[in-house]
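> Next input, structure requested:
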Amino acid sequence: MSYTVKDILRMEVAPALGCTEPVAVALGAAAAASILPGKDIEWIEIWVDPNIYKNALAVSIPGTGGLIGLDTAAVIGALGGDPALKMEVLNPIDEKIVKKAQEFIKAKNVKVNLLSEHKGLLIKTLIRRGQDVAESEIEHVHDNITSLKLNNMPVKEHPLFSKKEKAEKNSLFELEAWLKEKTLAELIEFAYDLDAGDLEFIEEGVRVNMRLADYGLKYGPGLGVGKTLERLVRQRLIKKDMILTARMLASAAADARMAGVKLPAMSSGGSGNHGLTAILPIWAVKDFVEHDNKTVMEAIGLSHIITAYIKAYTGRLSAVCGCSVAAGAGATAGIAFLLGGDINNIAGAIKNLTVDLAGVICDGAKPGCAMKLATAAGTAVQAALFSLQGVIVRYGIVGISPEQTMKNIGTLSTQGMIETDRTILNIMLEKQFSDI
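Sure thing, here's the model as predicted:
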C-alpha cells in the first residue's frame, strides 16, 4: 500500500493536551466510564506497562493545579473526561471535577497495578458501580482503544469503534512498515510534496507550540528552564545566538507542558514533547537566516517525517529519550534543509546528532524534561551547522548510510536498552516507595 505526505501528517501529527502517558490513562478511564450505567463510580483499577508507568508517574496533569499520578489521571478521566476528544480528553476538566477526584482518591477507591514484564504500550482500566463493571483496553498507540466491555460483554457499537477509527489505527502500523522501506532521499522529496493545506496544518502546529513557549518564557512554570536562560541573556552572562534561541523556545514550552498548563501541544510521533522538539528549534533558526515561509514549513514538515521514520524503528516508548534521538534527528534534518543543505548535509546532521545524544535515557516525564529538550534543541542546531561545515562523524553507532544510522537508533532502543529500562524503573520505584 502506498501513502502520501498528507497521510504521514494526518497519522503522526496531532494536538495533545497534557503529557501523553497520563492523558492516555485518562482516556482509557473516560472510555470505560462512558459505557457504565449511571454516573456514580465506586471503584477504579488500572493496569499499565512499565513505560506508561514510568512516564505518567511524576508529571503534572493539565487543569489540576499541578496534581500528579496515574491514579489521579484515571479518576479525573473517569469523572469528567470526554473520550471523543482522544488526546484532548481532559479539556472539559474544571475545579469541581478535580475536587471530586481528590476526594475519590483520598477514600482509597482507586488502585494502580504495574505489569512489570509486559512489552509494548498497554493500559487496562476497570470501573465498577454496584453490580456493573466496565472495562477498556488501550494498546500499541496512546489513543488506540482496542476493547470495551460491560459486564464482560464486548461493546461493539460505540463511536470509538467506528470503521473510520479502526481503519486509521490499522493504517498507522502499515504506514510504519511502509516508511521503513524509504530512503532519506525519498523522505526529503516528501517535503516538496506539501500542498497548501499541509503547509497551513504545519503552521498551525507552530502557533500551538509557540503558545506554550511564550507561556513558559513569560511565567516560568515548572523548573523555569526557558525563562532562566532568558534571564541569563539579560544579565549578559550568556549570548543569544541561534543555538540558545532554540534551547530557550523548546525548554520554555516543555516547562509549561510538564507543569500541566492547560494548553495543547502539537505532537509528533505520538508525543507532545517530540512535537516541541521537532518544530521549535527550526522556528528559532529561521530568525537568523534569509528564508521564505514556505521553506520554513517544508523544513518542519521534513522534521515530522524523519521523526515518524525513526519512531517506526524505536516504538512509541523506550529507555532512550525519543525527544533527543527521534525528534532531535527530525529537527536537525529540518535545520540543515532550511540552511540550504543538500542530502549529504542532512544525512551528516542526523549522524552528528545521533552520536551526540544516543545515550540520553528516558527516566520518565517530569519537569526535568525541559532540560533534555534544551539539550536536544541546541544539539540539533549544532549538528546541522557542523555538517554544513563538513564536520560529520563517521564511526561509532552511526551507519554507513543515514538510513542505517536511523535504524541503529531503533536497535539501540528496542534491544540494547532492555536492561537499562528495567534498572531505570527500579530506581524510580525505590524512590517512590521511600517517599511514602
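
> Return the residues in contact with the closest residue to Gly224 other than its chain neighbours.
Leaving aside its chain neighbours, Gly224 sits nearest to Asp255 (5.9 Å; criterion: C-beta to C-beta, 6 or more residues apart in numbering). In short, each C-beta sits where N, CA and C put it, glycine included. Counting by C-beta atoms under 8 Å, 6 or more residues apart in numbering, Asp255 touches Gly216, Gly220, Pro221, Gly222, Leu223, Gly224, Val225, Gly226, Lys227, Pro367, Ala370.

> go again using 10 Å as the cut-off
By C-beta atoms under 10 Å, 6 or more residues apart in numbering, the contact set of Asp255 is 212-213, 215-217, 219-228, 261, 367, 369-371, 373-374.

> now swap in Lys239 and tell me
Under the criterion of C-beta under 10 Å, 6+ apart, the contact list for Lys239 reads Leu232, Val233.

> Please report the distance of it from Thr245.
Between Lys239 and Thr245 the computed distance is 10 Å (C-beta to C-beta, to the nearest Å).

> what's the overlap in contacts for those two?
Here Lys239 and Thr245 have Val233 as joint contacts, going by C-beta under 10 Å, 6+ apart.

> Start from the N-terminal end of this structure and give the strands.
Assigned by DSSP state E, the chain shows strands spanning 15-17, 43-48, 110-114, 122-129, 132-139, 145-150, 153-154, 264-266.

> sorry, back to before: can you flag the buried ones in the contacts of Asp255?
Among the contacts of Asp255, the ones that count as buried by 16 or more other C-beta atoms under 10 Å are 212-213, 215-217, 220-228, 261, 367, 369-371, 373-374.

> What are the structural domain limits within this protein?
Taking automatic domain parsing as the domain assignment, the ranges for the chain are 19-164, 182-428.

> Go through these and pick out the most buried.
When the domains of the chain are scored by mean count of other C-beta atoms under 10 Å, the highest mean neighbour count falls to domain 182-428 (a mean of 22).

> gap between the two ends of that one?
One end of domain 182-428 sits 38 Å from the other (C-alpha to C-alpha, to the nearest Å).

> Next: stretch 9-19.
Start-to-end span of stretch 9-19 (C-alpha to C-alpha) is 20 Å.

> looking at this structure, which helix or strand is least sure?
Every helix and strand in the chain was compared by mean pLDDT, DSSP states H and E; the lowest is helix 163-180, with a mean of 72.

> Where does pLDDT dip in the chain?
In the predicted model of the chain, residues 161-170, 432-436 satisfy pLDDT under 70.

> Just give me the residue closest to the centre of it.
Taking C-alpha atoms, centre = their mean, the centroid of the chain lies closest to Ser271, which sits 1.3 Å from it.

> Identify the bridge partners of that one.
The partner list for Ser271 in beta bridges (DSSP bridges) reads Ser268.

> What of Val112?
Ile46.

> need the contact list for it.
Contacts of Val112 by C-beta under 10 Å, 6+ apart are 25, 44-48, 53, 56-57, 69-71, 73-74.

> From those residues, pick the one nearest Trp283.
The nearest member of the contacts of Val112 to Trp283, counting by C-beta to C-beta, is Ala56 at 28.5 Å.

> hang on, isn't the closest one packed against Gly28?
No: Ala56 is beyond contact range of Gly28, at 11.2 Å (criterion: C-beta atoms under 10 Å).

> shared neighbours of the two, anything?
Ile46, Val48, Ala73, Ala74, Ile123.
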